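> the sequence and its predicted three-dimensional model are supplied below.
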Amino acid sequence: MPHSPAVEVRGLVKRYDGRAVVDGLDLSAAAGRVTAVLGPNGAGKTTTVECCEGLRPPDAGTVRVLGLDPVADGAALRPLVGVMLQDGGLPTGVRAREMLDHVARMYADPWDTDALAERLGLDGFARTTVRRLSGGQRQRLALAVAVVGRPRVVFLDEPSAGMDPQSRLAVWQLVRELRDEGAAVILTTHLMEEAEDLADHVVVVDHGTVIAQGSVPELLATDVDRRGAATLVVHTAHDVAATGLRERLGPSYAVEHRSATSLAVTGEVTPSTVATVTAWLAAQDVLVTRLDLGRRTLEDVFLDLTGRSLR
Ligand SMILES: Nc1ncnc2c1ncn2[C@@H]1O[C@H](COP(=O)(O)OP(=O)(O)OP(=O)(O)O)[C@@H](O)[C@H]1O
């Protein structure tokens, strides 16, 4: 039986200086699921989440969290909702571990703070004040503070931004556990790997509206013509224009720049496709420094939908 979503946003509009940065956005996030809001910088992800957190009143539309209005019912929601803001949002004069212990004492059934601190590697900077923490350390502390009260709904704004790979894995594992314990986890990210690894449901946002949504497999199969297609990413020693390769490969392949010195070729990649690409580059006197052959990713889906890269 489907039950009512933990977070429900309908027709959300938020304007700054007369410009709608969120423009009629619908979003629904279920308990026991990780919902990733994915989109490029400036798409309106943070603004949307801030409206759900009650930090910004919407200009139009409705937002409900556990059936309540996050602005009017903020006091009732506070013990039920965990929030990790993009800039940490923590008081800067407090020592890291004191901060976590203080917040834990405000909840009826908090996580064991020793265990949480160990998992997120907070022990190495337990006595350091927030203002002296590195960006990644501050992020880890902000995550611990957001989840220590075992919230039913957790908002994580770019949770692993600025973290080293080991910390990122620890964060992802914690997010999975929160989900398995039944929390609704809503995370914003522009890291497709994060969305692909963690999300049960992905909402792709661009220019303040949802342009696609579904599970990762559903999104990867959106474009039926490309089902089963692979992406060959060619890294080169110096800049190369995509136009010539596009003409050489013909219309059944998409050729896009990933950066000035890398091209992504999407389509049916056969041994002869690889030979054609490298031969064409050799004819331009361009050295190939690396070749990666992979399946389609959310990055490719976004590129197809918007013609732009997520990053
Ligand atoms: N307080 C504000 N006043 C004016 N403009 C704002 C304000 N907050 C955000 N904006 C603008 O709204 C747009 C959407 O910003 P938002 O932070 O929601 O995007 P985002 O998708 O979270 O981006 P990022 O990935 O960079 O965090 C941006 O153009 C931003 O400059």
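Yes, it's here.

> which regions of the stretch 101-250 of the chain lie under the pLDDT threshold?
221-228 (pLDDT under 70).

> pick out the residue in it sitting closest to the ligand.
Nearest residue of the stretch 101-250 of the chain to the ligand (C-beta to the nearest ligand atom) works out as His190 at 5.1 Å. For every residue, glycine as well, the C-beta is placed using N, CA and C.

> wait, doesn't that residue sit right on Val37?
No: using C-beta atoms under 8 Å, His190 makes no contact with Val37, being 9.8 Å away.

> which one's more surrounded, those two?
Neighbour count, other C-beta atoms under 10 Å: between His190 and Val37, Val37 has more, with 30 against 19.

> which residues touch the more buried one?
Contacts for Val37 (C-beta atoms under 8 Å, 6 or more residues apart in numbering) come out as 27, 45, 48-49, 186-189, 203, 205.

> name the strands paired with the helix or strand hosting it and say parallel or antiparallel.
Val37 is part of strand 33-38, with elements assigned from DSSP states H and E. Strand partners for strand 33-38, identified by DSSP bridges, are recorded as strand 184-189 (parallel), strand 201-206 (parallel).

> what does the last one rub up against?
In this case it means strand 201-206. With C-beta under 8 Å, 6+ apart as the test, strand 201-206 has contacts from 25, 27, 29-30, 33-40, 43-45, 48, 195, 210-216, 219, 298, 301-302, 305-306.

> for the helix or strand just after it, name the packing helices and strands.
Under the assignment DSSP H and E, the closest C-terminal helix or strand after strand 201-206 is strand 209-214. Strand 209-214 sits against strand 19-29, strand 201-206, helix 298-306, with contacts defined as 3 or more C-beta pairs under 8 Å, 6 or more residues apart in numbering; DSSP states H and E.

> comparing the ones you listed, which comes out most buried?
Highest mean neighbour count of the helices and strands packed on strand 209-214: strand 201-206, a mean of 23 (counted as mean count of other C-beta atoms under 10 Å).

> starting at the chain centroid, how far to that strand?
9 Å (C-alpha atoms, centre = their mean, to the nearest Å).

> swap in stretch 253-273?
Stretch 253-273 has its C-alpha centroid displaced from the chain centroid by 25 Å (C-alpha atoms, centre = their mean).

> in that stretch, what's buried?
Judged by neighbour count using 16 or more other C-beta atoms under 10 Å, the buried positions of stretch 253-273 are 253-256, 258, 262-267, 269, 273.

> distance check, Ser272 against Gly244.
18 Å (C-beta to C-beta, to the nearest Å).

> same question for Cys52.
Counting by C-beta to C-beta, the gap from Cys52 to Gly244 is 47 Å.

> the two: who's more crowded?
More neighbours surround Cys52 than the other of Cys52 and Gly244, with 26 against 14 (other C-beta under 10 Å).

> was I right about that one contacting Val71?
No: using C-beta under 8 Å, Cys52 makes no contact with Val71, being 10.3 Å away.

> which residue ranges make up each domain of this protein?
7-218, 229-295 (automatic domain parsing).

> so how far is the shortest one from its chain's centroid?
In terms of C-alpha atoms, centre = their mean, the centre of domain 229-295 is found 28 Å from the chain centre.

> which of the residues in stretch 61-80 are buried?
In stretch 61-80, counting by 16+ other C-beta under 10 Å, buried: 61, 63-66, 68-70, 77, 80.

> got the angle between the longest helix along the chain and strand 184-189?
Counting residues, the longest helix found in the chain (DSSP state H) is helix 165-180. Interaxial angle of helix 165-180 relative to strand 184-189 (axes from the mean of the first three to the mean of the last three C-alpha atoms, to 10 degrees): 150 degrees.

> could you dump helix 165-180 to CSV, C-alpha only?
Provided in CSV are the C-alpha atoms of helix 165-180 (Å, rounded to 0.1, in the frame of the first residue of the first chain):
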residue,chain,number,x,y,z
PRO,A,165,37.3,9.6,-0.6
GLN,A,166,37.5,7.6,2.7
SER,A,167,35.2,10.1,4.5
ARG,A,168,32.9,10.1,1.6
LEU,A,169,32.4,6.3,1.9
ALA,A,170,31.8,6.6,5.6
VAL,A,171,29.1,9.2,4.9
TRP,A,172,27.5,7.1,2.2
GLN,A,173,27.4,4.1,4.6
LEU,A,174,25.7,6.2,7.3
VAL,A,175,23.1,7.5,4.8
ARG,A,176,22.2,3.9,3.9
GLU,A,177,21.8,3.0,7.5
LEU,A,178,19.5,6.0,8.2
ARG,A,179,17.4,4.9,5.2
ASP,A,180,17.3,1.3,6.4
